[in-house]
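*Asks:* Output the structure for:
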Amino acid sequence: MSDIQEKLKGMLVRRLKLKMAAHDIKNDALLFGEGGIGLDSIDALELVVGLQKEFGVVISDKAVAEKVLISVNTIAEFIENRQ
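*Replies:* This is a model prediction of the structure:
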């Protein structure tokens, strides 16, 4: 799973143009909200598109997104369960 986590971090930095290095993102850091990386709703849309293009997984609705788009760990687990 660590390989998926590393690819995810790279995708986050690249697609969302984050001003941090991939290795600075902790696997359990919150992606949205206070105390996290600070992503917003526009970033969420880009993230969903990126996950589909780069990992072949589809986040079909808001309920799924709210459960999956929490941290690198939760996204990696979602990807792992879909492959």
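*Asks:* residues in contact with stretch 38-56?
*Replies:* Residues outside stretch 38-56 that contact it (CB atoms under 8 Å, 6 or more residues apart in numbering) are 4, 7, 11-12, 15-16, 31-32, 57-59, 65, 69, 75, 79, 82-83. Backbone N, C-alpha and C define where each C-beta goes, glycine included.
*Asks:* and these, which of them are in helices?
*Replies:* 4, 7, 11-12, 15, 65, 75, 79, 82 (DSSP state H).
*Asks:* Now the buried members of these.
*Replies:* Among the ones in helices among the contacts of stretch 38-56, those classed as buried by 16 or more other CB atoms under 10 Å are 4, 11-12, 15, 75, 79.
*Asks:* For those, give me TSV that also has distance to residue 23.
*Replies:* Formatted as TSV, these follow (distance: CB to CB, whole Å):
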residue	distance to residue 23
4	15
11	14
12	12
15	17
75	17
79	19
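*Asks:* Residue 25: which of these is nearest?
*Replies:* Nearest to residue 25 out of those is residue 12 (CB to CB; 6.5 Å).
*Asks:* And stretch 15-35, what's buried?
*Replies:* The neighbour-count check on stretch 15-35 (16+ other CB under 10 Å) flags 15-16, 18, 22, 25, 27, 31-32 as buried.
*Asks:* swap in stretch 32-52?
*Replies:* Burial within stretch 32-52, assessed by neighbour count using 16+ other CB under 10 Å, is assigned to 32, 37, 39, 43-44, 46-48, 50-51.
*Asks:* ends of that stretch, how far apart?
*Replies:* Distance between the two ends of stretch 32-52: 19 Å, counting by CA to CA, to the nearest Å.
*Asks:* centre of the chain versus that stretch, how much separation?
*Replies:* Here the centre of stretch 32-52 is set off from its chain's centre by 7 Å, with CA atoms, centre = their mean, to the nearest Å.
*Asks:* same thing with stretch 42-54?
*Replies:* Worked out by CA atoms, centre = their mean, stretch 42-54 lies 8 Å from the chain centre.
*Asks:* Then stretch 39-57?
*Replies:* For stretch 39-57, the distance to the chain centre is 7 Å (CA atoms, centre = their mean).
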